[in-house]
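Visitor: 3D model of this:
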Amino acid sequence: MKIFIVEDEYWALEEMKLLLKKYQTEHTLYFYDDGESAFKNISVHEPKLIITDISMPGMDGLELVQKAADIDPAIRCIILTVHETFDYAKKGIQLGVVDYLLKPIKKEVLYEVLDCTIEEIKQAEIEEEDKQLWSINQLIFNQLEKSEKNKADLENQSFFFIYLLCGNWQAPFEGDINIKAYLEEIGLARDSRLLSLDTQRKILLVPYKSEFTPLTKEIYHFIKEKKQVHLCYLVKQEKQNLIEVYQKGHQLMECGKLFGHSSFIEEQKTEWEKDAQSLWTTVRLIEKQMRHGELASISEQISSLVSQIKQLELTQKQLYKFLLDMYYAISYNMQQSTNQLSIHNIDEKFSELDSLVTFDQLKEWLNQLIRLLINKYVQKETAPKHLIPKVKDWIVNSYSNSITFQQFADEHHVSLSYLSQEFKKQTNMTFTEYLANYRIKKAQELFQNGMKSTAEVGILVGYHDPKHFRKVFQKVTGVSPTQYKLSYS
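Guide: Coordinates of the predicted model:
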């Protein structure tokens with residue numbers, strides 16, 4: 001679960017970091033020292049919970065809560081305050097604040113409130129999942145009944161049932177494809193029905209004709225040319241319940257959907273898994289490098305591992321199982337060497353796989369996972385070489401803020417000169433170059449997702465001077481922001 005902690009007082013924020021450290025094994029925590037920075041990152045990180053001080057300069061806690069609710073009403077908020085007055089409580093209740101914590105914060109009270117709120121959020125998500133199948137049932141029939149006078153007639157017909165998934169289950173929406181126009185082109189628009197389940201999934205119903213079978217591949221290749229797509233099809237027999245067919249199609253999609261490649265899934269296929277035993281050689285190398293502190297070489301091995309996964313063309317289901325086995329194998333072996341035998345839940349991190357589409361995204365996700373393991377099990381030393389993964393995590397969490405390497409060095413009581421040398425040694429870049437490359441990568445993602453204003457994108461990634469942002473963008477990518485946007489228009 002992603003959690004924001006917002007506190008403008010330096011030592012109070014440092015205390016929260018210390019108190020909440022035990023939650024970092026299962027949750028992703030983001031710390032901000034002002035309301036504006038937290039607000040700008042809500043759309044980027046999509047937190048489930050915000051813990052915020054109420055009295056802050058600029059955007060105060062209540063304003064942040066209100067703006068967060070405008071973006072996503074499901075976000076839960078906990079207020080930190082020295083106020084015990086009814087007026088504050090009343091306004092907080094109106095805004096949907098779930099609890100108050102009075103300063104100075106008592107550790108036991110913080111843990112009790114936080115554990116209870118996290119459990120409530122998890123329970124709400126489970127209930128939401130339970131509603132989805134019912135909602136899909138209603139969605140399908142409500143859409144069909146607009147054109148069907150008799151639902152029984154629909155159940156009595158035979159259809160080709162084509163289930164389409166664009167990208168991944170939770171992937172960001174990247175624009176729709178005009179499938180209807182293509183159906184008209186191949187003469188199927190009149191009798192076919194195209195239903196949208198959500199931004200990623202569609203169902204196409206085509207009256208059953210044996211000669212239609214080859215056209216399913218044509219539809220698949222038409223969409224595949226434009227974006228990554230996963231298509232499975234089966235035949236709905238006469239008198240067969242449509243939801244029963246949907247459930248079977250969804251099961252097929254879950255079993256046969258490839259990761260990173262488009263997929264054409266046929267009902268007749270029953271064996272999906274590939275022999276992935278060769279991947280464990282690279283996993284053992286990564287674990288060995290972690291033990292010996294060879295952190296600079298780990299990124300190369302992760303790139304090698306992702307290349308091997310790409311060549312194997314694994315289903316997402318098999319990839320998920322392999323990565324989970326890898327995580328627990330490394331975690332268990334590292335714990336044995338440190339006498340800490342406790343396996344932590346990692347569901348939140350692995351749920352992010354459903355939003356990944358490309359192998360570059362998988363590589364970045366794997367780097368984050370290995371850094372998480374390093375932070376947990378590699379002996380913590382003050383030597384700069386052991387701080388570099390922490391610097392990278394700091395950049396990931398704080399790139400949109402005004403940050404300097406001196407700031408990091410001061411907080412960790414190390415020499416900036418020595419830290420800079422070690423950073424260059426492990427990354428082949430200076431801190432400034434690494435930060436600029438990461439910020440511009442995030443800027444490219446924002447442009448790709450449809451943001452038009454160069455100045456706004458610059459601010460979101462940490463550049464408040466548009467002229468400086470354009471200069472850095474040109475230096476990193478070789479093209480100006482305007483040229484880059486035109487390439488995606």
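Visitor: from here on, contacts and neighbour counts on C-alpha atoms
Guide: Fine.
Visitor: show the end-to-end separation of stretch 184-200, please.
Guide: Length of stretch 184-200, first residue to last, C-alpha to C-alpha, to the nearest Å: 22 Å.
Visitor: please point out which parts of it sit buried.
Guide: Neighbour counts over stretch 184-200 (16 or more other C-alpha atoms under 10 Å) mark 188, 189, 192, 193, 194, 195, 199, 200 as buried.
Visitor: could you do stretch 237-251 as well?
Guide: Of all the residues in stretch 237-251, those buried under the rule 16+ other C-alpha under 10 Å are 237, 240, 242, 243, 245, 246, 249, 250.
Visitor: looking at the buried residues of stretch 184-200, which is nearest residue 9?
Guide: Comparing the buried residues of stretch 184-200 against residue 9 with C-alpha to C-alpha places residue 199 closest, at 41.3 Å.
Visitor: tell me the SS of that closest one?
Guide: coil (DSSP: H, G, I helix; E, B strand; the rest coil).
Visitor: need the pLDDT of the residue nearest to it when sequence neighbours are not counted.
Guide: Nearest residue to residue 199, sequence neighbours excluded (C-alpha to C-alpha, 6 or more residues apart in numbering): residue 173, at 6.2 Å. Note on residue 173: pLDDT of 78.
Visitor: burial measure for residue 173, as a count.
Guide: The number of residues packed near residue 173 is 13, by other C-alpha atoms under 10 Å.
Visitor: could you do residue 3 as well?
Guide: Count around residue 3 with other C-alpha under 10 Å applied: 23.
Visitor: could you do residue 13 as well?
Guide: 18.
Visitor: quick check: it touching residue 33?
Guide: Yes - if you go by C-alpha atoms under 8 Å, residue 13 and residue 33 touch, sitting 7.3 Å apart.
Visitor: not counting its own residues, what contacts stretch 433-447?
Guide: The contact list for stretch 433-447 (C-alpha atoms under 8 Å, 6 or more residues apart in numbering) reads 395-396, 399-400, 457-458, 460-462, 472-473, 476, 485, 488.
Visitor: below-threshold pLDDT in the stretch 151-300 of the chain: ranges please.
Guide: Within the stretch 151-300 of the chain, the stretches with pLDDT under 70 are 151-155, 189, 210-211, 293, 295-296.
Visitor: please, where are all the helices along it?
Guide: 151-156, 179-185, 213-224, 242-256, 279-291, 295-312 (DSSP state H, counting those that start in this stretch).
Visitor: hang on, the earlier thing: buried ones only from the contacts of stretch 433-447, please, as a ChimeraX command.
Guide: Selection of buried members from the contacts of stretch 433-447 for ChimeraX, criterion 16+ other C-alpha under 10 Å:
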select :395,399,400,457,458,460,461,462,472,473,485
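Visitor: in helices, which of the contacts of stretch 433-447 fall?
Guide: 395, 396, 457, 458, 460, 472, 473, 476, 485, 488 (DSSP state H).
Visitor: what sits against the third one?
Guide: When the contact criterion is C-alpha under 8 Å, 6+ apart, the partners of residue 457 are 443, 446, 447, 451.
Visitor: quick check: the second one is in a helix.
Guide: Yes - assessed with three-state DSSP, residue 446 lies in a helix.
Visitor: what count of nearby residues applies to it?
Guide: Applying other C-alpha under 10 Å, I find that residue 446 has 19 neighbouring residues.
Visitor: how close does it sit to residue 400?
Guide: When residue 446 is compared with residue 400 (using C-alpha to C-alpha), they lie 13 Å apart.
Visitor: go on, the first one?
Guide: Note on residue 443: its distance to residue 400, by C-alpha to C-alpha, is 10 Å.
Visitor: ok, now the third one?
Guide: Residue 447 is 16 Å from residue 400, where distance means C-alpha to C-alpha.
Visitor: could you dump the buried residues of stretch 237-251 to CSV with distance to residue 214?
Guide: As requested, the buried residues of stretch 237-251 are arranged in CSV below (distance: C-alpha to C-alpha, whole Å):
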residue, distance to residue 214
237, 19
240, 23
242, 23
243, 25
245, 21
246, 21
249, 19
250, 22
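Visitor: what residues do residue 443 and residue 400 have in common as contacts?
Guide: Common neighbours of residue 443 and residue 400 (C-alpha under 8 Å, 6+ apart) are 460, 461.
Visitor: show me where this structure has strands.
Guide: For the chain, strands defined by DSSP state E occupy the ranges 2-6, 28-32, 49-53, 76-81, 97-102, 159-166, 193-196, 201-207, 229-236, 263-266.
Visitor: could you identify which of these is most buried?
Guide: Across these, averaging neighbours per residue (mean count of other C-alpha atoms under 10 Å) puts strand 49-53 on top, at a mean of 26.
Visitor: what comes into contact with that one?
Guide: Contacts of strand 49-53 (C-alpha under 8 Å, 6+ apart): 2-8, 60-61, 75-81.
Visitor: next: stretch 250-257.
Guide: Contacts of stretch 250-257 (C-alpha under 8 Å, 6+ apart): 163, 230, 231, 232, 263, 265, 267, 272, 315, 316, 317.
Visitor: rerun that using 10 Å as the cut-off
Guide: 163-165, 168-169, 229-234, 244-249, 263-267, 269-273, 314-318 (C-alpha atoms under 10 Å, 6 or more residues apart in numbering).
Visitor: can you check stretch 10-18 too?
Guide: Contacts with stretch 10-18, where a contact means C-alpha under 10 Å, 6+ apart, come from 5-7, 9, 19, 21, 23-24, 29-33, 53, 103-105, 107, 110.
Visitor: go again using 7 Å as the cut-off
Guide: residue 7 (C-alpha atoms under 7 Å, 6 or more residues apart in numbering).
Visitor: that stretch - what's its average pLDDT?
Guide: The model assigns stretch 10-18 a mean pLDDT of 88.
Visitor: alpha carbons only: can I get it in CSV?
Guide: The C-alpha coordinates for stretch 10-18 follow below in CSV (Å, rounded to 0.1, in the frame of the first residue of the first chain):
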residue,chain,number,x,y,z
TYR,A,10,12.1,18.7,10.2
TRP,A,11,12.5,16.8,13.5
ALA,A,12,8.9,15.7,13.6
LEU,A,13,9.2,14.3,10.1
GLU,A,14,12.4,12.5,11.1
GLU,A,15,10.6,11.1,14.1
MET,A,16,7.8,9.8,11.8
LYS,A,17,10.4,8.1,9.5
LEU,A,18,11.8,6.3,12.5
